[in-house]
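*Asks:* Fold the stuff below for me.
(2 chains)
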Amino acid sequence: MFKNITFIILLASLLSCNDMLDPELDGTLTEEEVWSNNNLAFGVLNNAYNFLPDGYNRLSGGMLAAATDDAICPDPSNAVNGFKNGAWGPFNLIDEAWTRNYTGIRKANLFLQKIDSVPLPRQSNALGTDESILNTRERMKGEAHFLRAYFYFELVKRFGGVPIYDKPLSPEEANTIERSSADATFQYIIEQCDIAAEALPTNYKPGDSPVVGFNEAKDEGRATVGAALALKSRALLYWASPLFNPNNEVSRWEMAAEAAKAILDPDGEEPIVAQYNLQRLTSSLTLSTLFSTNSLLDQYHDEIIFSTKYNDNTTVERLNAPISFGGQGLTNPTQNLADAFPMSNGKPITDPTSGFDPQNPYQNRDPRFGMTLLANGADFNVNDRDGVMETYKGGADGSDAYPTASQTGYYLQKFIMPDAAWEERSVNITRTWALIRLAEIYLNYAEARNEAFGPDQEVYFHLRMLRFRAGIRRAFVPTGMSQDEMRKFIQNERRIELAFEEHRFFDVRRWRLFDDAAERDKLLNIKGVSITKDNTDMFLYDQDLLLEQRPFTDNMYLFPLPENELVKNNNLKQNPGW
Amino acid sequence: MVRLFRRSSKKKENYNTMNDVKINSESLRCLLVFVLMLYFAKALPQNASNDFEVKGIVTDSDDNSLSSVNITINNQTSSTYTTATGEFKINVSKLDTLMFSHPEFVSKTFIVSDAKDITITLQRELIQKRPVNVAFGTYKNSTLPAAISTINETEVRKNAVNTIEQALNGTLSGLSSIKNGSEKFGLSNYNFYVRGVATTGNSRPLILVDGVDANINLLDPNEIESITVLKDASELALYGMRGANGVILITTKTGKPSEQFMNVEVRTGVQSPLWVSDKLNAFEYTSLFNEARLSDGNSPTFNPDDYNGAFNPKIYPDNNLPDQFLRKQNEHLYQNLIFSTGGGNAIAQYFTSVSYMKQGGLFTVPLDLGEANQTANERYNFRSNIDVNLGKGFVLNTKVAAISDVRRSPWLGRNSNVAQTNNSIFNSIMNTPANAYPVTNLDGSLGGTSEFQNNLLGVLNSGRRVETARQLTVKAKLSKDLSSLLKGLSVNAVYNFENYNAYYEGRFKGFSVFQLNEDGTYDEYGVEDNSTSISGGQMSDFYKDETIFMGLDYANEFNDHKLDASFTSSQYTSQISGDNPDFKLLGVSGRVSYGYKNKYQLQVSGAYQGSNDFASGNRFGFFPAASLAWVVSEENFLKSSNFIQHLKIRSSYGLTGNYLGGSRFLYRQPYSVSTGYGFGNPNGFVPGTAEGRLSNPNATWETAHKANIGLDATLFKEALRLSVDVFDEDRKDILIPQANLVTDLIGISLPQFNAGNVTNRGVEVALNYTQDIGLLNLSVGGNVMKIDNNVVDLSEVAYPEQEDYRYLRGNAIDSRFGLVADGIYNSQEEIQADNVTSAYGSLKPGDIRYMDLNEDGIINDADKKAIGNFLPEIIYGINFALDYKGFDLYLLGEGSAGFDVHARPDQFSVYSYENRWTSSTGMSSSTTPRVSLTSDHNQQVSTFWQEKGNLFRLASAEMGYTLTQDYLRNTSLSSLRIFLNANNLLSTSTAREGRDFEAINAGYTQYPIFKTVLLGVKVNL
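*Replies:* Numbers count the residues shown, from 1 in each chain, chains lettered A, B, ... in the order given. The predicted structure follows:
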């Protein structure tokens, strides 16, 4: 008996059951599982869409506009203030685009590398027939090319030429790859846009899809031909601009003009633009409602060519609404921006015949003024509070009301929906971040055409269309401008039309505006308005309140590459001056 | 309870017959033994066949009578014990041999012959000869070749107030304990390191209770018999890939074959914060805030004179929040009630303990809410350890421990546990500006503003969180003596599990705050709820550890040769909550030890072990070690020395591993169903798939190469005990994140790879001196460790030549990187003269001047170098004990030195207020930079804020008086001790503002550290 026990115990102790150590089921998938299942494989690209930028208070609550002459951020510790207090540098990128976009690029690359080898199901299944799966694949490859182009564009506009690759990199490759030139990067983006445009449908609207297998309304929001061509137009415009076109090769402007025209009015083809529409702005269809839906509006406004998915939140309102309305007032438009808006007769306020009254400055302005800025005396409604803005000294949101009250005398109106509520009750707003909208294509076209061919009727036509939809009579675009005057006009129009949409930061750089001493002063001397109420309850305005004098050195035309990338890959060279 | 036991003992004869009942089924017998253990223990066998009664007395060499000496006849089970006065009676026959044994004395045999009345004198066993706990068993200290340190029950009890962790401070040489923050109520308060840190991964020692994995946070210190730290390879190799960070063995009490004892102990006292910082009043705060605004070029915000009390304090408040919301010193009570009993005979021994502990919190709550919302911790512990000799060579040991722990705090949301809630509320009390809001308005409503909606009175009154944790540990060990097969052979099997679960429940009611305007109207912020909400009720934490051992032991002597061997196969599984595969380990550990004449001991030990964290084929590793001990005092030339009683030289070398150095399952590349995207109109949801981090198919554990040379000595008739160790660890294959080396261009996260190498070298000395001067017994002891840590290689990127100071290699692994400060700029001219810019904000007079180490004209992160180290290079403990007649005194101090503390005062602290730079103040050594709301320049980690750490703490002090039977003759008590115990009584800290060097934020932004003073009474029934 003893022997038996001994034997059993000894045996048990020496049994090396390696099986016990084999992996258990957990929430992870293997590479094989993913690339043998079309649905999971498509998921890789769906996931990549999340790496598109979302500009709402993206920089720890601050908006990139606060790094331009359009706004300031009153919270001194906010990251966006790093752009102007000297903190910006290779150790402090503030706008973390490098890693984010290369992560997106890898996803697109991986998808393109693997998708064709995913086996088709033996028989039709819930996902569709072989034919529809193959169709979807081809379309999604087009999306992958588009996304890749989009991510590279986000990089090139910040860094200039960046390393280009179209397959998932190994660690060794990542550590030795070199930067391509800016020219090569732009060319690559344009080429990817062309490939994408071939594979993508014009839209996903119900009933419109000509291709079998597209999930109709469920796919809206994916890239379209329009998106690919629009991105191409933007990329060509940047490539033609002084920052990336030092020798001013006019052919680039011509190509940019042509690319924009391909969307707006192609010769002899059906216009892509047919499905997009610049609706006239009204009190119920404001600039804010392009980005958000309310009960009256659909998602994907007619003007949107490409945008992020819709999210339900009140973050934008909470962060940007004035404090007395329960917000944090983190983005304060400047007097510089306010002055850029013309009068409703189309004339700039500097024109003595414009009718501008500095002591009644908000009257008879371009309707977009009130849709973009919240100025003293404006009616405002958000968070179940209805009131008149008081940004004068002693007013409810005047500069002395709180340490973080707006010093500029303005709060943000654009993007803010009156329905939003977050304190006593919660009313979310369904909103998207428009990545490309039709107005930009008009501006792209006007700018490129003016540079390539001068201020001809084509240029005027599109600018008038744009102003008309803003609520200014067509005839109010000043006539007889020289090419230089027209350039200034377009730059100004771009600023006010696309304010707070993350364009100005990059526009002033691609135009190299800081090279011009007068422009430079305007860009760096940030002003607000000081409003006092006299004893007759009249407001006195002083629009010359200098708030900040920001630094700029030439290296700041481009972003610094992250320092810890340079030490890992010695072939990467830092941008000059950083 | 007590009376019940008393009564049952009187009935012992009724159960005597149980001994003779024959039960065939061993399992049934075992069960019965469990149930009736107490009665067995009292059922001392009375062997009727013996001829006559012998009585006598047992004393030690100083003529003191000895109690609880076990007396057996002819090595049989029949036995008795000496009473408290050392007397015994036993029935014997003439030819019988009596064996007198006691754990602390050398056993003695006596042949009865005709003796009727005998006196036996026992010699005290040399301390070194007592068995000590080692890996998978015990071993005689005198020939043990390993480096270990041990404390016993008494030291544990005197140092631990509510957790065992407190007993590990300064008492064990080679073990560093660093406070990891404030009082945490039932959660771990310390980080422990055995002989320093040698990895970037998990550096926590393996903590085992009774040989198996256990959570010690909730254990009752009263249940502990001893704590041993295993420090060198000869023992650690047996733990395979779990041994590299050292092992702490905690052993719980078991019954001794002795007369039953019953103790009741009551401890009650007060706990109070060791240190709480001062606060600025409203005038000071607002003027400092204005100054910061001005120094940034902005206009001032406040008029400080508004806060001088002349204006409406409901509009211009000046709160002293600590005064209002922190309890006074004598208001937070500590209570502890312990009942324990134990005893047994040669067949069965038991130890049982039941205890209750309660400690209170720091925040005040209004009386009408009573204690319901107050922070508190209550714990119930139960333990029953039973050892039974089942006969036929079988021995069964069972250990059962059950714990129920309840922690309470106010409510701050579901994700904020009790410790976090306490920290957060404390931080609000300390760091809410004095002028932020009136606590209550004139109409009695809660005050607040849009910025400060969490009125503290509202928070403390509007909800509570209750966290309940339960822990059950069951261990059973069955051993079988196989001497009949082979002399000295035995086998055993162990099954152990520990099950922990915790859940929380919150009850709360939202409140709104009101801000009074100048015109008498109020603005309301927040939403007041009409009814109470309930949150939680689900399990919030869970784990289950399971261990199975199968062991084979062999020990035999052949003349002068002694051979010991033991092998244990082990299987360990730990299940934790979440989508996390179990931790599993499988392996065999063993040792073979050969001794010659108690003079030389050679041991080979090791483990062959595998973990499921690694790839098949790469799972198992072999960790061997060899060690040697030479007991010099057994050599003839020392054997008769009066000066040296014991002298042993030992050395060891071997490998042990750490499988928790990095992420798990590095060999796999996981994909996951990941963030999808909302396509469609209205937007739907399409699932996403994401590639996980890349794989490292070669990933393996860290390996520690440990060498140790040591010496143990006992000198001057055991008055002086000394241990000296020199150690050298070379930790290899440390897991380094590949992301440190590969650019983000790759677009995917990367695995860790085995490349790091860190060495730890050091010396340890432990010394203890005892002296009896008449009736005065005196003992002084101490231990000290000095450690030198060096990063040989952690695969760092190649920095430019002029920036070679940026490497961690060549420095200690716990290095702090920061800027090198060189005073404060006094003027714009000084700034211009330096011609540098700062990436942390534009420079102004009053800013810190940093050295531009790479001389590129910019102060940025590239100018940061290793400026100091977090962990002490020297740790020490000093203890002092004396007893005189019934009086006893114990003191323990612990200290550390050779580390650097980064103690940057808050800009709005009293210290900054008093010492800040302004254009009018001069510079002194305590001057802090200008205050600023926009610039981070002065907030950087730098030598400016760094101080040399040097800490000494009076960790414990106890003073007691014991009343013996002489005074208790008229009571039923056999002894009574009254004592005063203090824990964490004071610490000398030279840190700026008086903050604690270890828990630098305790009492500042975190809940404080407690000191405890308590009065105890321990009664032996």
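
*Asks:* center of chain B, which residue is that?
*Replies:* B:E165 (3.0 Å; CA atoms, centre = their mean).

*Asks:* Which residue comes closest to that residue once chain neighbours are left out?
*Replies:* Once flanking residues are discounted, B:E165 sits nearest to B:Y190: 4.9 Å by CB to CB, 6 or more residues apart in numbering or on different chains. The way it works is simple: take the backbone N, C-alpha and C, and place the C-beta from them, glycine included.

*Asks:* OK, contacts around that neighbour?
*Replies:* Shown in contact with B:Y190 (CB atoms under 8 Å, 6 or more residues apart in numbering or on different chains): B:165, B:168-169, B:177-180.

*Asks:* How about A:D537?
*Replies:* Contacts of A:D537 (CB under 8 Å, 6+ apart): none.

*Asks:* Next up, identify which helix or strand it is on.
*Replies:* Assigned by DSSP states H and E, A:D537 falls within no helix or strand.

*Asks:* before we move on, back to that, out of the contacts of B:Y190, flag the one nearest to chain A.
*Replies:* Among the contacts of B:Y190, B:N180 lies closest to chain A (CB to the nearest CB), at 27.8 Å.

*Asks:* ok, the closest one to B:I1009 distance?
*Replies:* For B:N180, the distance to B:I1009 equals 11 Å [CB to CB, to the nearest Å].

*Asks:* which residues do these two both contact?
*Replies:* Residues touching both B:N180 and B:I1009 (CB under 8 Å, 6+ apart): B:A999.

*Asks:* Between these two, point out the one with more neighbours.
*Replies:* B:I1009 (21 against 15; other CB atoms under 10 Å in any protein chain shown).

*Asks:* Now for the residue nearest to the centre of chain B: which residues touch it?
*Replies:* Going by CB under 8 Å, 6+ apart, the list of residues near B:E165 reads B:177, B:188-190, B:192, B:216-217.

*Asks:* any chance you could map the strands in the stretch 351-500 of chain A?
*Replies:* A:373-374, A:379-382, A:385-388, A:411-412, A:429-431, A:434-437 (DSSP state E, counting those that start in this stretch).

*Asks:* what about the longest strand in chain B?
*Replies:* strand B:533-558 (DSSP state E).

*Asks:* Which positions within that strand qualify as buried?
*Replies:* B:540, B:543-554 (16 or more other CB atoms under 10 Å in any protein chain shown).

*Asks:* For that strand, the averaged confidence score.
*Replies:* Strand B:533-558 shows a mean pLDDT of 89.

*Asks:* Can you tell me the strand partners of that strand and which way each runs?
*Replies:* Partner strands for strand B:533-558, per DSSP bridges, with pairing direction: strand B:489-508 (antiparallel), strand B:561-576 (antiparallel).

*Asks:* Any buried residues in the last one, and which?
*Replies:* Along strand B:561-576, these residues count as buried under the neighbour rule (16+ other CB under 10 Å): B:562, B:564-574.

*Asks:* chain center to the helix or strand that that strand is followed by, what's the gap?
*Replies:* For strand B:561-576, the following helix or strand on the C-terminal side (DSSP H and E) is strand B:583-596. Relative to its parent chain, strand B:583-596 has a centroid offset of 27 Å by CA atoms, centre = their mean, to the nearest Å.

*Asks:* And the helices in the stretch 251-400 of chain A?
*Replies:* Counting by DSSP state H, counting those that start in this stretch, the stretch 251-400 of chain A has helices at residues A:288-291, A:315-320, A:335-340, A:367-372.

*Asks:* what does the stretch 101-250 of chain A give?
*Replies:* Under DSSP H, counting those that start in this stretch, the stretch 101-250 of chain A gives helices at A:130-159, A:171-174, A:182-199, A:225-240, A:250-264.

*Asks:* Turn those helices into CSV, columns for mean pLDDT.
*Replies:* Formatted as CSV, these follow (pLDDT from 0 to 100):
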stretch, mean pLDDT
helix A:130-159, 92
helix A:171-174, 94
helix A:182-199, 96
helix A:225-240, 96
helix A:250-264, 93
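
*Asks:* follow-up on the earlier one: who wins for proximity to B:N319 among the strands of the stretch 351-500 of chain A?
*Replies:* Proximity to B:N319 (CB to CB) singles out strand A:385-388 among those, at 29.1 Å.

*Asks:* mind listing what's buried in stretch A:63-72?
*Replies:* So, applying 16+ other CB under 10 Å, buried residues of stretch A:63-72: A:63-72.

*Asks:* let me fix that: stretch B:490-507
*Replies:* Residues of stretch B:490-507 classed as buried by neighbour count (16+ other CB under 10 Å): B:490-494, B:496-498, B:500-504, B:506-507.

*Asks:* Which secondary structure element is home to the closest residue to B:V792 other than its chain neighbours?
*Replies:* Nearest non-adjacent residue to B:V792, counting by CB to CB, 6+ apart: B:N757, 4.1 Å away. Using DSSP H and E, B:N757 maps to strand B:752-773.

*Asks:* would you say the residue nearest to the centre of chain B is within a strand?
*Replies:* No - read with DSSP: H, G, I helix; E, B strand; the rest coil, B:E165 is helix and lies in no strand.

*Asks:* Now do it against A:A97, distance only.
*Replies:* When B:E165 is compared with A:A97 (using CB to CB), they lie 46 Å apart.

*Asks:* Mean pLDDT for the strands paired with strand B:533-558 - can I get that in CSV?
*Replies:* What follows is the strands paired with strand B:533-558, written out as CSV (pLDDT from 0 to 100):
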stretch, mean pLDDT
strand B:489-508, 92
strand B:561-576, 92
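
*Asks:* ok, A:A378 touching A:M389?
*Replies:* Yes - checked against CB atoms under 8 Å, the pair A:A378 and A:M389 is within contact range at 4.7 Å.

*Asks:* before we move on, the earlier item: for the helices of the stretch 251-400 of chain A, which one sits closest to chain B?
*Replies:* The nearest among those, by CB to the nearest CB, is helix A:315-320 at 11.5 Å.

*Asks:* Need the three-state assignment for A:N47.
*Replies:* What three-state DSSP gives for A:N47 is helix.

*Asks:* what about it, distance to B:Y677?
*Replies:* A:N47 is 7 Å from B:Y677, by CB to CB.

*Asks:* Return every residue with contacts to both of those two.
*Replies:* B:G688.

*Asks:* In the stretch 251-400 of chain A, which residue sits closest to chain B?
*Replies:* Minimum separation of the stretch 251-400 of chain A from chain B (CB to the nearest CB) falls at A:K309, amounting to 3.8 Å.

*Asks:* so what's residue 79 closest to, chain neighbours aside?
*Replies:* With no chain named, the answer covers chain A. What sits nearest to A:A79 in space, not counting adjacent residues and going by CB to CB, 6+ apart, is A:S60, at 4.2 Å.

*Asks:* ah, I was thinking of chain B
*Replies:* B:S79 sits nearest to B:T72 (CB to CB, 6+ apart), 4.2 Å away.

*Asks:* Need the pLDDT of the one you found.
*Replies:* Model confidence at B:T72, given as pLDDT, is 78.
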